[in-house]
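In: Any chance you can model this:
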Amino acid sequence: MLKLCIAGAAGRMGQAIIAEALAKGHQITGATEAPNCPALGKSLCDFGINSDTKISADINKALQDADIFISFTTPAADLINIPAAVGLGKRIILGTTGFTADQSQKVVAAMSDKVPVVFSPNYSVGINILFKLAEQLKVFPQGYDFSINEIHHVYKTDAPSGTAKKLGEIIANVRGYTETVSGREGINPRQPHELEVTTHRAGGIAGIHNLIIAGPNEMLRIEHTAFSRNVFAQGAVYAAEWISHQTKPQIYSMADVLGLN
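Out: Residues are numbered from 1 along each chain as shown. Down below sits the predicted model:
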């Protein structure tokens with residue numbers, strides 16, 4: 001049984017992670033929310049969860065009895081919470097996306113070589129297998145164009161998604177793209193050095209990612225669809241179980257968790 005502290009415990013993703021963790025027999029010993037959240041001081045029981053843990057804005061208090069800190073929140077929150085978790089020697093599962101380059105550099109520096117961490121833009125098993133498949137697509141000859149399209153719910157604030165960015169980085173590396181184009185308007189033909197990454201926000205879609213490879217006479221489309229955010233919660237708890245056995249202080253990926261590296 002793991003003892004977990006969950007950030008954003010009153011949010012949709014936090015609630016999904018808590019439910020998955022409890023279903024796997026783990027214990028929620030800490031739960032945090034933003035200082036202005038109306039859920040502060042409430043018990044998880046108030047959300048229909050079988051736990052009397054209270055939601056707190058005090059990250060150090062919430063982390064006190066935990067083995068692992070899991071955060072799928074905001075960059076601003078993690079710039080505060082991650083150093084606190086590292087300072088207390090807690091293992092970390094980080095799934096927050098939307099970091100600027102400067103924020104990412106700061107949070108990575110806070111974690112590097114200090115505690116065992118899994119840091120991934122997507123905790124879905126299928127997506128991480130897609131990342132691995134994408135590395136093999138260098139075998140396509142010249143004349144094939146690669147495009148990425150992602151669709152998420154209207155509440156997602158960052159675009160393109162962290163998953164699309166990661167997939168784009170892999171494709172750019174194996175195909176030699178030097179520029180990313182997020183949309184076209186007017187007379188704007190595609191250039192050979194451009195990778196297309198497009199975004200849609202609609203309804204309550206948990207996540208759809210398409211990788212399209214098109215040549216003059218054929219097209220290959222690889223699509224991953226998340227039916228609900230439970231798939232990310234499932235992966236996060238699986239990663240927590242894995243990281244609990246790791247002693248080397250470094251930043252791991254979901255590929256490490258799944259044995260794909």
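In: show me the contacts for residue 137.
Out: 146, 171, 174-175, 213 (Cβ atoms under 8 Å, 6 or more residues apart in numbering). For glycine as for every other residue, the C-beta is placed from the backbone atoms N, C-alpha and C.
In: Now the two most distant members of those residues.
Out: 174 and 213 (11.4 Å; Cβ to Cβ).
In: Phi, psi for residue 199 please.
Out: Main-chain torsions, residue 199, degrees, to the nearest 10: phi -130, psi 140.
In: bridging residues for it?
Out: residue 150 (DSSP bridges).
In: pLDDT added to the contacts of residue 137, as JSON lines?
Out: Putting those into JSON lines (pLDDT from 0 to 100) gives the following:
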{"residue": "146", "pLDDT": "97"}
{"residue": "171", "pLDDT": "97"}
{"residue": "174", "pLDDT": "95"}
{"residue": "175", "pLDDT": "96"}
{"residue": "213", "pLDDT": "98"}
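In: Quick check: of those, which lies closest to residue 40?
Out: When the contacts of residue 137 are ranked by distance to residue 40 (Cβ to Cβ), residue 171 comes first, at 42.4 Å.
In: That closest one: how many residues sit nearby?
Out: Close neighbours of residue 171, defined as other Cβ atoms under 10 Å, add up to 23.
In: who touches it in this structure?
Out: Contacts of residue 171 by Cβ under 8 Å, 6+ apart are 134, 137, 146, 148, 177, 195, 211.
In: phi, psi of the closest residue to the last one other than its chain neighbours?
Out: Sequence neighbours aside, residue 222 is the residue nearest to residue 211 in space, at 4.6 Å (criterion: Cβ to Cβ, 6 or more residues apart in numbering). According to degrees, to the nearest 10, the main-chain angles of residue 222 amount to phi -110, psi 120.
In: Same question for the one 10 residues further on.
Out: Residue 232 has phi and psi values of phi -80, psi -40 when expressed as degrees, to the nearest 10.
In: Report the rounded mean pLDDT for the host helix or strand of residue 106.
Out: Assigned by DSSP states H and E, residue 106 falls within helix 101-111. Computed over helix 101-111, the mean pLDDT rounds to 97.
In: With stretch 71-79 instead?
Out: 96.
In: Buried residues in that stretch, which are they?
Out: 71-75, 77-79 (16 or more other Cβ atoms under 10 Å).
In: Would you work out how far apart the start and end of that stretch are?
Out: End-to-end distance for stretch 71-79, by Cα to Cα, to the nearest Å: 11 Å.
In: Out of the contacts of residue 137, which sit inside helices?
Out: Within these, residues falling in helices by DSSP state H are 171, 174-175.
In: Which one of the contacts of residue 171 is nearest to residue 96?
Out: Residue 96 lies nearest to residue 148 out of the contacts of residue 171, by Cβ to Cβ, at 20.8 Å.
In: Let me see the contact set for that closest one.
Out: 160, 164, 167-168, 171, 195-198, 209-212.
In: how about 6 Å then?
Out: Residues near residue 148 by Cβ atoms under 6 Å, 6 or more residues apart in numbering: 164, 167-168, 197, 211.
In: of all the ones in helices among the contacts of residue 137, which comes closest to residue 103?
Out: residue 171 (23.9 Å).
In: any idea how far the closest one lies from residue 211?
Out: According to Cβ to Cβ, to the nearest Å, residue 171 stands 8 Å off from residue 211.
In: now residue 111
Out: Using Cβ to Cβ, residue 111 is found at 29 Å from residue 211.
In: which of the two has more neighbours?
Out: residue 211 (23 against 20).
In: So that one, which state does it fall into?
Out: Three-state call for residue 211 (DSSP: H, G, I helix; E, B strand; the rest coil): strand.
In: Kindly report the same for residue 28.
Out: On the basis of three-state DSSP, residue 28 is classed as strand.
In: a markdown table for the contacts of residue 148, including secondary structure?
Out: Below are the contacts of residue 148 laid out as a markdown table (three-state DSSP):
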| residue | secondary structure |
| --- | --- |
| 164 | helix |
| 167 | helix |
| 168 | helix |
| 197 | strand |
| 211 | strand |
